[in-house]
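Chemist: let me see the structure of the following:
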Amino acid sequence: MGQRISRAWLRWCAAATALPALLCAAAGACRAQSDAVVCRDGLGSFDAALPTGVRVQVGAARREGFARRECEAMLLWDKDKVTVTAGVAQVDLDAFGIDAGLGAPVAAFQVRKANSDCCMSLQLYSLRKPPKLLRTITGGSFFRAADTDLDGRVEIWTDDSGALEGFENPIGGRSDLAPTVVLRFEHGRLMEVGSEFRGYFDSQIARLRAEFVPEDLREFKSSSGRLPTTAHFSPEDLRRSEKLKRTKERVLQIVWAYLYSGREQDAWNALGEFWPAADLERIRAAIMSARARGIRAQVDGVSTKISAGAERRAEIFDARTIRGEQPGSKQAGVAAERAARIKLPAPILIGHRAAEGQREETLADSGVMLDLVIDSAGKVRSAESADPGFDASLKEATASWKFIPAMRDGRAMASRIYFIVSPKR
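Modeler: Below you'll find the predicted structure:
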């Protein structure tokens, strides 16, 4: 694992040249790690409000004024508040103020009750007064809202880790092998929409097929399929067992990729192609049983639409262009009026790990200016910079950053901004 810059804290400043006070604030406690959450074991916090007057607070749970090694989240408005969760190991604010298709701006909280739990729950709260819980989704090891196609519609990407509990040990419970699930609310109904993102699943299938070793696949097909745990009497026995296990995992991942992208017949064809014939009936029943008790059981419908590419594109507000107009000119007046209606993105969680072998001080004290596109769910869709400090590790890190998205008249929208990131000394 890479090291954290200055033990993990980064400050930020989103800037447009002619608007010196557009955005500049501290990022707060943001842990730079792949599974970063706002609060873990009482460490980390976030506090922000929307123009609706509803405020979110995430941080350490307290008892008699003293912080505990647990987390809590609350929504506050006027003199009232609602506790989202308390006394849990992890709380993350994945999105705040977004339009998730539920008829009101929402806050999306990820909650893990205990660090030993396989899965998190996603709780979606409306941000109109009084806030209320609109929907809970359980069974994913993570949840990430994103406007995937930059079309103004927000998807929720997760995995079906909960469905694998007890499935084909030792595979059961391994989130790295869990199938990807794509969800979207449409007119208040939770839909599984993986069929609209077949390109993603096809690339996964192609990669997995390319990883097959023909002789290992032949040996797996001649096995029982169950691969029960056995004693290994030699290094060769252990190597053979590991190869069979990896082959089995890849076959299952291919089958799931077809299933969760709306291609059931293709899934069973792949299973018949790669799986031991004598075990086909059993494993197919096991797959269907696992899927039925997972996230699929929580959806209201399944999309059969097949995406044919970008059908529409939502407006991306370019904050970089609000500069350079002569004071008093017509262009300056139009820019000022436009900017007055828009609130630019504010970070929820950002961080960066240095690449292996690099020192922690990989960012210049003066900072690195990034050119970011942030979607309507507050996720970074592209990051560019001519600065030599913009290395591969920083570029990779931007993909996991979370922002409150830009708002126009209280509605979330995609935006393009300049963003300065540097070590906090």
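Chemist: okay, now the unreliable bits of the protein?
Modeler: The model of the chain has pLDDT under 70 over residues 1-34, 64-65, 230-232, 308-311, 322-340, 352-366, 423-425.
Chemist: find the centremost residue of it, please.
Modeler: residue 144 (2.7 Å; Cα atoms, centre = their mean).
Chemist: quick check, that residue in a strand?
Modeler: Yes. Remark: residue 144 belongs to a strand, assigned using DSSP: H, G, I helix; E, B strand; the rest coil.
Chemist: so it sits against residue 92, correct?
Modeler: No. Using Cβ atoms under 8 Å, residue 144 makes no contact with residue 92, being 9.9 Å away. C-betas here are computed from N, CA, C, even on glycine.
Chemist: what do these two both touch?
Modeler: Shared contacts of residue 144 and residue 92 (Cβ atoms under 8 Å, 6 or more residues apart in numbering): none.
Chemist: residue 204 and residue 242, how far apart?
Modeler: To residue 242, residue 204 is 22 Å away according to Cβ to Cβ, to the nearest Å.
Chemist: which residues sit in contact with residue 122?
Modeler: Going by Cβ under 8 Å, 6+ apart, residue 122 touches 94, 108, 109, 110, 111, 136, 137, 138, 140, 143, 156, 158.
Chemist: show me the domain layout of the chain.
Modeler: Domain ranges of the chain: 209-293, 316-423, per automatic domain parsing.
Chemist: pick the most buried one from those domains.
Modeler: Highest mean neighbour count of those: domain 316-423, a mean of 18 (counted as mean count of other Cβ atoms under 10 Å).
Chemist: now do the helices in the stretch 101-250 of the chain.
Modeler: Assigned helices in the stretch 101-250 of the chain, in chain order: 198-210, 214-221, 235-259 (criterion: DSSP state H, counting those that start in this stretch).
Chemist: now the ones you listed as a markdown table including distance to residue 54?
Modeler: Conversion of these to a markdown table gives the following (distance: least, Cβ to Cβ, whole Å):
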| stretch | distance to residue 54 |
| --- | --- |
| helix 198-210 | 34 |
| helix 214-221 | 54 |
| helix 235-259 | 38 |
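Chemist: for residue 55, which of the domains of the chain is the nearest?
Modeler: Residue 55 lies closest to domain 316-423 among the domains of the chain, at 12.1 Å (Cβ to Cβ).
Chemist: burial check on the closest residue to the residue nearest to the centre of the chain other than its chain neighbours, number of neighbours?
Modeler: Leaving aside its sequence neighbours, residue 144 sits nearest to residue 157 (Cβ to Cβ, 6 or more residues apart in numbering; 4.8 Å). Counted with other Cβ atoms under 10 Å, the neighbours of residue 157 add up to 19.
Chemist: show the contacting residues for residue 157.
Modeler: With contact set as Cβ under 8 Å, 6+ apart, residue 157 has these partners: 143, 144, 145, 146, 148, 180, 181, 182, 183.
Chemist: with distance to residue 392 added, can I get those residues in a markdown table?
Modeler: Converted to a markdown table, the contacts of residue 157 look like this (distance: Cβ to Cβ, whole Å):
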| residue | distance to residue 392 |
| --- | --- |
| 143 | 27 |
| 144 | 21 |
| 145 | 26 |
| 146 | 22 |
| 148 | 23 |
| 180 | 24 |
| 181 | 29 |
| 182 | 27 |
| 183 | 31 |
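Chemist: and which of the residues you listed is nearest residue 62?
Modeler: Of all those, residue 62 sits closest to residue 143, with 26.2 Å by Cβ to Cβ.
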